[in-house]
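give the three-dimensional model of this entry:
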Amino acid sequence: MEQGKQTIKNIAVFICGMDEEYPYQIILGINQYAREHDINVSYFSAFGGIVDSSGFDAGEYSIFKLPDLTCFDGVIVSNTISNTIARNALIDRVKAAGIPAVIFECKDHKEFHDVSIDNYSVMKKLVEHLILVHGARLFHYISGPFANQEAVIRYQAFRDALEEHGIPFDEERRMYPGFFRSYDGVRAIEEFAESGLEMPDAFVCANDSMALTAMSRLQDLGYRVPEDVMVTGFDDILGARNSSPALTTVKRPLYVSGQKACEMLLALMNGEEQPQSIDLETEPVFTESCGCHGEDAESIREFRREMYQRMTSTYTDVHMLNRMIAGLAGVENIEECVEVIKTMLRAIECQDFNLCLVKDWETTYSVSPVEDEGIGYPERMTAPLVWKDGEGKSITTYESRQLRPEPYTTGGNISYYLPLHFDRRILGYYIISNTDFPINTIHCHTITMCIGNAIDNLSKLNVLDPLCGIYNRNGLNHNAEYVFQEAVRNGTELTILFIDMDGLKNINDTYGHKEGDAALKGISDSIRGCCRAVDVCSRIGGDEFVVIGRGTGLAEKFEERFNQKLETVNEQLAKPYRLSASVGVITVVPQESDSLPELIQKADEVMYEVKKRKKMKAKT
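Numbering: from 1, shown residues only. A predicted model of the protein is given here:
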């Protein structure tokens, strides 16, 4: 844990989407104040909502469960967490920790102090400007996530402004529910273009990131802004001030928000009284995208310098990323994976990095308890790479509660914790510290996913049968043991299937081993097709398969379903031989005195009796 001496303050910050400029400016404000006051900051950052996958999001948001908040002196919660379940669970954890907490743009919790702006008044003023100055009557709205209070307030202000001026609004067809991410703007315009609706007078967007991409997509489709349609945003980020046309928006002090949040939290940690809420001033900026002509916020020279630096950085990052992807694609063990990561760290001049994996990452591929689907971190971790000042080493094991394999003993350190996962399967996390690379690049999440995918592939090499795509004996030993112990603890039933393919030797001898491999795959595919996601399917030998399942659901009519699938495969393949197998099934409530190998042996004995009866029947 980043906790060294008692005088050093440690705070946790929870945030989503570091690649967007809105959180970027807030992070800069927090970091500046923290460094000046010798505070250690640990960012727990997710990238939820990237794809339409609850499993992927569960893997991302798992990082919020990593820290033991009682080990921190204070917490800051960003308003960028759009997933309601993840956000509420996090807020409950912060409350339970009983430590000082500051939240952005939320006054719903008396346990939190907040830093806010008057979203309602300024959004209403912006919309009324479109109505009164530019005569807008038909609107389309691109919203933020309604789990976010700011998104709710801005939308309410928009609706109230229209209602007070007698302007109707078709919410079902004219409101796009976004997530404050830039690609939402593109999706919103594309959905509108396909709808056949009349072009509105204005697209009002709940933030700049969506507004800028919406405006760009409209221009791609041949529409002029503002001549054909007006577009407005909210936040006044760099892109809004320097887009063409410049974006009408709302100017808010993002950097100052970060500073104020950190300042307030430090005062609370020191036992000083603070106002429950700090409201920062903000104002609309009326400029070119609505037809006004405001003053340039930055000189052209400054803008060009900024854009040149960003372009140069992007080209460098892409080159580094391509090399890393190519390198990770060919790794066959964790040592090779670490060497590729080291090359990446040298390229970005990172001096402080930790690769932290769950202790049994090599043997646990997909098994998980039914009740929570395994979304969490174990008590112990391993660190294959601890990188400091150009030198790397590994640490065999450490407690996940301490977060860092080697805790800091100094203050003023800034660390970013990012989750490594494959879908909902937790692999670990990495920590990148004392560098602005994670917030200066748009490729941080891509790097994270590449490392996660590489670790996942390595674990598959260790526990999966390469021919059949199910567990090998190693995978069975670890994962089935987990299910077995779960049944012992809970006093629940366990089903064990032992399946032996019929006639594999004859297929190999007559038609060749390539044909035998195809037959094995046909058997394994049929077995897998009869199993549930929570069952453990494995090939433990040449023609032997074992399946372990919770409860009795696996055993019910398994043979009937299995034989039906084999019949279908036989008809599709139309081979000169027929696929078949013998199945032994037992269902037990395992006791402490039982062992899984003994129960598997019992299922094997049942299978042997089935096979013996088959042979006897074939002779008659």
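
and the spatially most central residue of the chain, which of the three is it?
When C-alpha atoms, centre = their mean is applied to the chain, the residue found nearest the centroid is E60 (2.4 Å). Counting by DSSP: H, G, I helix; E, B strand; the rest coil, the backbone at E60 sits in helix.

residues contacting the closest residue to it other than its chain neighbours?
Spatial nearest neighbour of E60, excluding adjacent residues (C-beta to C-beta, 6 or more residues apart in numbering): A46 at 4.2 Å. C-betas here are computed from N, CA, C, even on glycine. Residues near A46 by C-beta atoms under 8 Å, 6 or more residues apart in numbering: 15-16, 60-61, 63-64, 81, 86, 419.

what about A46, distance to N31?
Per C-beta to C-beta, to the nearest Å, A46 is found 19 Å from N31.

that older thread, what residues are bridge-paired with the residue nearest to E60?
Note on A46: beta-bridge partners by DSSP bridges are C16.

run a quick neighbour tally on C450.
Residues lying near C450 (other C-beta atoms under 10 Å) number 20.

tell me which element it falls in.
Following DSSP states H and E, one finds C450 within helix 444-463.

give me the pLDDT for R346.
Each residue has a pLDDT score; the one for R346 is 95.

who are the packing partners of the helix or strand where V102 lies?
If you go by DSSP H and E, V102 is part of strand 101-104. Contact analysis of strand 101-104 by 3 or more C-beta pairs under 8 Å, 6 or more residues apart in numbering; DSSP states H and E lists strand 74-77, helix 84-97, strand 113-117, helix 254-269 as its packing neighbours.

can you redo those as a markdown table with mean neighbour count, distance to D389 and mean pLDDT?
Below are these laid out as a markdown table (neighbours: other C-beta atoms under 10 Å; distance: least, C-beta to C-beta, whole Å; pLDDT from 0 to 100):
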| stretch | mean neighbour count | distance to D389 | mean pLDDT |
| --- | --- | --- | --- |
| strand 74-77 | 25 | 29 | 98 |
| helix 84-97 | 17 | 33 | 94 |
| strand 113-117 | 23 | 36 | 94 |
| helix 254-269 | 21 | 27 | 96 |
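
mind listing what the residue nearest to the centre of the chain touches?
Counting by C-beta under 8 Å, 6+ apart, E60 makes contact with 46-48, 50, 419, 421.

what does I278 give?
Residues near I278 by C-beta under 8 Å, 6+ apart: 113-116, 260, 264.

please redo it, this time with the cut-off set to 10 Å
Listed by C-beta atoms under 10 Å, 6 or more residues apart in numbering, the contact partners of I278 are 102, 113-117, 257, 260-261, 263-264.

would you double-check that it falls in a helix?
No. Applying three-state DSSP, one finds I278 to be strand, outside a helix.

relative to F234, how far out is it?
Distance, I278 to F234, using C-beta to C-beta: 19 Å.

and for S595?
Separation of S595 from F234 (C-beta to C-beta): 63 Å.

quick check: closest non-adjacent residue to S116.
What sits nearest to S116 in space, not counting adjacent residues and going by C-beta to C-beta, 6+ apart, is E105, at 5.0 Å.

got it, and L554?
T495 (4.4 Å).

what bridges to that neighbour?
G549, T587.

enumerate every residue touching it.
Taking C-beta under 10 Å, 6+ apart as the criterion, T495 is in contact with 487, 535, 547-556, 558, 585-588, 603.

and those, which of them are buried?
For the contacts of T495, a neighbour count by 16 or more other C-beta atoms under 10 Å gives the buried set as 487, 535, 547-551, 554-555, 558, 585-587, 603.

quick one on the thing from earlier: and the contacts of E60, which is the shakiest by pLDDT?
Model confidence across the contacts of E60 bottoms out at I50, which has 70.

show me where the stretch 401-550 of the chain has its strands.
Using DSSP state E, counting those that start in this stretch, the strands found in the stretch 401-550 of the chain span residues 414-422, 425-433, 494-501, 536-539, 544-550.

please identify the deepest-packed of these.
With neighbours taken as mean count of other C-beta atoms under 10 Å, the strands of the stretch 401-550 of the chain reach their highest mean count in strand 536-539, at a mean of 26.

and E198, what element?
No secondary structure element spans E198, as it lies outside all helices and strands (assigned by DSSP H and E).

that one against D228, yeah?
No. Applying C-beta atoms under 10 Å, one finds E198 not in contact with D228, separated by 12.0 Å.

and E349, which of the strands of the stretch 401-550 of the chain is closest to it?
Smallest distance to E349 across these (C-beta to C-beta): 11.8 Å, for strand 425-433.

and the closest one, what does it pack against?
strand 39-46, helix 54-61, strand 352-358, strand 380-388, strand 414-422, helix 444-463 (3 or more C-beta pairs under 10 Å, 6 or more residues apart in numbering; DSSP states H and E).

note down every partner strand of it and its orientation.
Here strand 425-433 is paired, per DSSP bridges, with strand 352-358 (antiparallel), strand 414-422 (antiparallel).

pLDDT weak spots in the stretch 201-350 of the chain?
Residues of the stretch 201-350 of the chain meeting the criterion pLDDT under 70: 294-310.

please enumerate the strands of it.
202-205, 230-232, 249-251, 277-280, 283-285.

and T410, which of those is closest to it?
Nearest to T410, of all the strands of the stretch 201-350 of the chain, is strand 277-280, at 29.7 Å by C-beta to C-beta.

can you give me how far the closest one is from the chain middle?
The chain centre lies 31 Å from the centre of strand 277-280; the measure is C-alpha atoms, centre = their mean, to the nearest Å.

give me the helix or strand of this protein that scores worst on average pLDDT.
Using mean pLDDT, DSSP states H and E, helix 300-329 stands out as the lowest-scoring helix or strand of the chain, at a mean of 77.

D38: what's it in contact with?
Per C-beta under 10 Å, 6+ apart, neighbours of D38: 7-9, 410-413.

turn the residues you listed into CSV, including neighbour count.
Compiled in CSV, those are given as follows (neighbours: other C-beta atoms under 10 Å):
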residue, neighbour count
T7, 7
I8, 18
K9, 20
T410, 11
G411, 19
G412, 16
N413, 22
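
make a markdown table from those and add pLDDT to it.
As requested, those are arranged in a markdown table below (pLDDT from 0 to 100):
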| residue | pLDDT |
| --- | --- |
| T7 | 80 |
| I8 | 90 |
| K9 | 96 |
| T410 | 95 |
| G411 | 95 |
| G412 | 96 |
| N413 | 97 |
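
which of those sits closest to A151?
Of all those, A151 sits closest to K9, with 32.0 Å by C-beta to C-beta.

pLDDT wise, what is the closest residue to L266 other than its chain neighbours at?
Residue nearest to L266 in three dimensions, not counting chain neighbours: H37, with 6.1 Å by C-beta to C-beta, 6+ apart. Reported pLDDT at H37 in the predicted model: 96.

same question, L403
pLDDT, read off for L403, is 96.

how far off centre is stretch 244-253?
Here the centre of stretch 244-253 is set off from its chain's centre by 30 Å, with C-alpha atoms, centre = their mean.

ends of it, what's the gap?
End-to-end distance for stretch 244-253: 23 Å, by C-alpha to C-alpha, to the nearest Å.

tally up the residues packed near the closest residue to A347 other than its chain neighbours, please.
In space, and not counting its chain neighbours, A347 is closest to M320: 4.4 Å by C-beta to C-beta, 6+ apart. Using other C-beta under 10 Å, M320 has 19 other residues around it.

please report how far P284 lies from R159.
18 Å.

between these two, which one's more packed in?
Taking neighbours as other C-beta under 10 Å, P284 and R159 compare with P284 leading, 22 against 18.

thinking that one is in contact with I117, fair?
No. The criterion here is C-beta under 10 Å, and P284 misses it with I117 at 12.0 Å.

joint contacts of those two?
Common contacts of P284 and I117, defined by C-beta under 10 Å, 6+ apart, comprise V250.
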